[in-house]
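Peer 1: sharing a model that was predicted from the sequence below.
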Protein chains: 2
Amino acid sequence: MNPTIVIIGGGFAGVRLARDLKGQVDVLLVDQNNYHTFQPLLYQVATSALESDSIVYPFREIFHNRPNVRFRLAQVLQIVPEANRITTSIGEIDYDYLVLAAGSKTNYFGDKDFEAHTHPMKSVPEAGQLRNIILENMERALGMDWYKRSAVMNIVVVGGGPTGVEMAGALAELKNKILPKDYPELDFQLMQIHVVDMADRLLNTMAVESSNYAARFLRKNGIHLSLAARVVSYDGQSLMLSNGQQILTQTVIWAAGVTATVIPGINPQSVLPSGRLKVNAFNQLEGYENIFALGDMAGMITDQTPKGHPMLAPIAIQQAKHLAQNIQRLLKKKPLVPFVYKDPGVMATIGRNHAVAELKFIRLHGTLAWLAWLFVHLMSLVGFRNRAIVFFNWMWSYVTYNRSLRLILKPLSK
Amino acid sequence: MNPTIVIIGGGFAGVRLARDLKGQVDVLLVDQNNYHTFQPLLYQVATSALESDSIVYPFREIFHNRPNVRFRLAQVLQIVPEANRITTSIGEIDYDYLVLAAGSKTNYFGDKDFEAHTHPMKSVPEAGQLRNIILENMERALGMDWYKRSAVMNIVVVGGGPTGVEMAGALAELKNKILPKDYPELDFQLMQIHVVDMADRLLNTMAVESSNYAARFLRKNGIHLSLAARVVSYDGQSLMLSNGQQILTQTVIWAAGVTATVIPGINPQSVLPSGRLKVNAFNQLEGYENIFALGDMAGMITDQTPKGHPMLAPIAIQQAKHLAQNIQRLLKKKPLVPFVYKDPGVMATIGRNHAVAELKFIRLHGTLAWLAWLFVHLMSLVGFRNRAIVFFNWMWSYVTYNRSLRLILKPLSK
């Protein structure tokens, strides 16, 4: 009988691993959604540039023609390592090998007010809700006296990393080019977009010149930057910063960080203070022979990575590819090979024709970086159909300076 | 000062009228959504063939470059004809002329059980929810003993008009071609799709040969037809028909009819028993000089139309075009011209390469009718972008026998 490998989570790591585990193994992928989400483009859904449907892809479609891969739509409740079993919302599932690849969740650093009043952007429903809120704010502002409009129209992005910067750039384009055509009755001078970050520069994992380039571009497009500033409190109306600044806003987007997803049942001694799981160089969980962790959940502490690898898609994908090979070695009782990360570089788009990219041998700013960003993201989407639709939407927006997706699509209450 | 014309509802009639009211008039369109919905394609959203975003279009985009048309996102609560005013969720709005074009809602004929347990399909969120339910049923069936699966997989469509027939055809394709690839573990012999109608034939507003053609095609594709049968009761598990038949199903789609939307404030004597509003040949509401009703809301009783016109898009559009001209005449104190309906014919698609179309001089069945249906619907969509995306999706599904949109996209509870 073939060994059963259960993978929890169908993000970049989970999907890659399931695809690569060919041959005499039974793979069971468990996820709480029936689709893979291409998270790097969520901000484009939130800013009306892309349709949610075009950045997600059904798992069952991905694994057509792969009879050794099954999928189950379920929430994982608990791991029971003693019994080689997980308990889920649809019952118990036994495994021979278990791979934890459930990714990360929004990190509010324990602050209940921020959690209650700000908007995360880690999933398609969250991005869709944010789109609704931004558009509804404009509709609401129309019914108000002009001096009250600013607080309703303002948007603050907390976090100046790639997600925050990309979001801010997209919001600037919305404010400057798109919304004024839709709302000729509103004065968009009243609308302020802020980015707040604790660090004294944007994109602080990248080179200083990339930070400066991003800051210059965003400022030129009317974005207010509050750097070296922490958010202190927020009640849904007024955001207080550590530098004494007060911003009146009803819309705060939380892009300040993520923390590993926690699944109960793992020995606490195998969990790092950050919430990531202690794994060795084979992504094997400390203290467990047949449990592995990948990507955002994996805290692989080495001399080069004292805090583990950064929580990025390329690492998740490389670890998954590598683990697929190691599992084949394990089954053939061959020695495992340690994981070595090959850094492909980082990139972030800031706006039309503007991006920063730091690749292995070259650092790019501007149009070339932007084209590289478009190409890499397009090619990383799952499925030809999605690529074609996203490409069409991008070309359409680029040529027409327009976005046709300014839709307030409400869920059903029934 | 220009007269203000307030239009309630941005369906086919409301959008057409606002587009055609050019010149010295101020037009205000009020709708509870910020987008126009192309209702004839909702069944394709429900059956994973189209993305919801591609059959809706933002009102503000439609009225770019039309400075005399404004839009307000609001729910209309009451009409106050004495004061020439409507009250809405965002406050009071005054009008010189009022046009009621709020369309129709699902008609449960007063049955609370059917309303509570069956699924309507009149809006994008409803179609999206139906898609989720159909796919979730398959996921749930996987976890059950095989003899319990049938009740979870079965689907009943109540209503054998164009909506019911198009839905049944799309469900047949899902069952026969699409879902078996996704769920190799399920036996789709267990899944039954039924259409129930009170009339003794499908499409009973069309010719008998069209009915027979549709019935033959659906039966050939495994659809069970229960004709000359009423639904008697449904508790969410078991549907009882008047012919004694009992169908175990957890999914009943209600396509049995619609009834005009009611807005409080109109003199009850101006309302027909059907709920439609009594209008004269100028679409002018009985007893009111400056209130008009269009489309599904308008009950224009003539010798040729003793029950009013059928509730169809072409009638709504023609009435709106005509009213735009009559309003211009009214403002110039010229005599009004009565409305005459020019019947363009009816068509319904039943499946791949199969449709029925009854046009003025010709009756078509099969591929030619199907191509005509595709063409008419594609050209009726608002906006080039939507046409391109829908066209691409149709070609894609046609060539690949696939639908990439089998997504369970859940709204956010927060």
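Peer 2: Yep, that arrived.
Peer 1: please enumerate residues in contact with the helix or strand harbouring A:Arg216?
Peer 2: Taking DSSP states H and E as the criterion, A:Arg216 maps to helix A:208-220. Under the criterion CB atoms under 8 Å, 6 or more residues apart in numbering or on different chains, residues A:165, A:168-169, A:172, A:195, A:201-204, A:225, A:348, A:350-351, A:354, A:356, A:358, A:363, A:365 lie in contact with helix A:208-220. No exception for glycine: its C-beta is placed from N, CA and C like everyone else's.
Peer 1: average pLDDT for that helix?
Peer 2: For helix A:208-220, mean pLDDT is 96.
Peer 1: would you map the strands across the stretch 101-250 of chain A?
Peer 2: Taking DSSP state E, counting those that start in this stretch as the test, the strands found in the stretch 101-250 of chain A are A:104-106, A:155-158, A:193-196, A:223-226, A:231-234, A:238-241, A:246-248.
Peer 1: Serialize those to TSV and add fields for mean pLDDT.
Peer 2: Shown next, in TSV, are these (pLDDT from 0 to 100):
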stretch	mean pLDDT
strand A:104-106	94
strand A:155-158	98
strand A:193-196	98
strand A:223-226	98
strand A:231-234	96
strand A:238-241	97
strand A:246-248	97
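Peer 1: out of the ones you listed, nearest to B:Ser238?
Peer 2: Closest approach to B:Ser238 among those is made by strand A:104-106 (41.3 Å; CB to CB).
Peer 1: check which helix or strand covers the residue nearest to A:Trp396 when sequence neighbours are not counted.
Peer 2: By the measure of CB to CB, 6 or more residues apart in numbering or on different chains, the closest residue to A:Trp396 outside its immediate chain neighbours is B:Arg385, 5.6 Å from it. Assigned by DSSP H and E, B:Arg385 belongs to helix B:384-400.
Peer 1: buried residues in that helix?
Peer 2: B:385-390, B:393-394, B:396-397 (16 or more other CB atoms under 10 Å in any protein chain shown).
Peer 1: please apply the same query to stretch A:254-266.
Peer 2: Judged by neighbour count (16+ other CB under 10 Å), stretch A:254-266 contains these buried residues: A:254-256, A:258-261, A:263, A:265-266.
Peer 1: out of those residues, the closest to chain B would be?
Peer 2: A:Trp254 (12.3 Å; CB to the nearest CB).
Peer 1: so what's that closest one up against?
Peer 2: Neighbours of A:Trp254 in contact, by CB under 8 Å, 6+ apart: A:106, A:108, A:114, A:118-121, A:158-159.
Peer 1: look at it and report its pLDDT.
Peer 2: Reported pLDDT for A:Trp254: 97.
Peer 1: can you give me the distance of it to A:Ala260?
Peer 2: 17 Å (CB to CB, to the nearest Å).
Peer 1: tell me, how many residues neighbour A:Ile93?
Peer 2: Residues lying near A:Ile93 (other CB atoms under 10 Å in any protein chain shown) number 19.
Peer 1: same question for A:Gly222.
Peer 2: 15.
Peer 1: surely it meets A:Asn176?
Peer 2: Yes: A:Gly222 lies in contact with A:Asn176 (CB atoms under 8 Å); the separation is 6.7 Å.
Peer 1: where's the closest residue to A:His309 other than its chain neighbours relative to A:Lys105, distance?
Peer 2: Of all residues not flanking A:His309 in the chain, A:Ile315 sits nearest, at 4.7 Å (CB to CB, 6+ apart). Per CB to CB, A:Ile315 is found 18 Å from A:Lys105.
Peer 1: quick one: which of those two has more around it?
Peer 2: Per other CB under 10 Å, whichever of A:Ile315 and A:Lys105 has more neighbours is A:Ile315, with 25 against 16.
Peer 1: which of the helices or strands spans that one?
Peer 2: helix A:313-331.
Peer 1: the helix or strand hosting A:Ile93 packs against which elements?
Peer 2: Taking DSSP H and E as the criterion, A:Ile93 maps to strand A:91-94. Using 3 or more CB pairs under 8 Å, 6 or more residues apart in numbering or on different chains; DSSP states H and E as the contact definition, the elements that strand A:91-94 packs against are strand A:85-88.
Peer 1: may I have the strands that pair with the strand it packs on, each with its orientation?
Peer 2: strand A:76-80 (antiparallel), strand A:91-94 (antiparallel) (DSSP bridges).
Peer 1: can you tell which of those strands is closest to A:Leu336?
Peer 2: Across the strands paired with strand A:85-88, closest to A:Leu336 is strand A:76-80 (CB to CB), at 21.8 Å.
Peer 1: rewinding a little: just give me the closest of the buried residues of helix B:384-400 to B:Thr87.
Peer 2: For the buried residues of helix B:384-400, the nearest to B:Thr87 is B:Asn386 (33.7 Å; CB to CB).
Peer 1: who's in contact with the worst-scoring helix or strand of chain A on mean pLDDT?
Peer 2: Scoring the helices and strands of chain A by mean pLDDT, DSSP states H and E places helix A:384-400 at the bottom, with a mean of 79. Residues from elsewhere that reach helix A:384-400, judged by CB under 8 Å, 6+ apart: A:38, A:41, A:49-51, A:54-55, A:57, A:352, A:374, A:378-379, A:381, A:402-404, B:385, B:388-389, B:392, B:396, B:404.
Peer 1: tell me the buried residues in stretch A:187-201?
Peer 2: Buried, per 16+ other CB under 10 Å, within stretch A:187-201: A:190-197, A:201.
Peer 1: can I see the domain layout of chain A?
Peer 2: A:4-32+A:74-106+A:258-331, A:112-256 (automatic domain parsing).
Peer 1: flag the shaky bits of chain A, pLDDT-wise.
Peer 2: A:401-405, A:411-414 (pLDDT under 70).
Peer 1: what bridges to A:Val279?
Peer 2: Where A:Val279 sits in a bridge, its partners, by DSSP bridges, are A:Leu285.
Peer 1: that one contacts A:Gly299, doesn't it?
Peer 2: Yes: counting by CB under 8 Å, A:Val279 does reach A:Gly299; the two are 6.6 Å apart.
Peer 1: more neighbours: the two, which one.
Peer 2: A:Val279 (26 against 22).
Peer 1: for the more buried one, give me its contacts.
Peer 2: A:285-286, A:292-293, A:298-300 are the contacts of A:Val279 under CB under 8 Å, 6+ apart.
Peer 1: repeat that for 7 Å
Peer 2: A:285-286, A:293, A:298-300 (CB atoms under 7 Å, 6 or more residues apart in numbering or on different chains).
Peer 1: which one of these has the most neighbours?
Peer 2: A:Ala293 (31 neighbours).
Peer 1: what does the stretch 151-300 of chain A put close to chain B?
Peer 2: Neighbours of chain B within the stretch 151-300 of chain A, by CB under 7 Å from any CB of the partner chain: A:181-182.
Peer 1: which residue does the stretch 151-300 of chain A bring closest to chain B?
Peer 2: Checked against chain B (CB to the nearest CB), the nearest residue in the stretch 151-300 of chain A is A:Asp182, 4.0 Å away.
Peer 1: what kind of secondary structure is the closest residue to that residue other than its chain neighbours in?
Peer 2: Spatial nearest neighbour of A:Asp182, chain neighbours left out: B:Arg60 (4.0 Å); criterion: CB to CB, 6+ apart. Reduced to three states with DSSP: H, G, I helix; E, B strand; the rest coil, the structure at B:Arg60 is helix.
Peer 1: quick one: B:Arg60 from A:Gly160, how far?
Peer 2: For B:Arg60, the distance to A:Gly160 - CB to CB - is 31 Å.
Peer 1: what about the two, which has more around it?
Peer 2: A:Gly160 (28 against 23).
Peer 1: is it true that A:Ser150 touches A:Gln189?
Peer 2: No: counting by CB atoms under 7 Å, A:Ser150 does not reach A:Gln189; the two are 9.2 Å apart.
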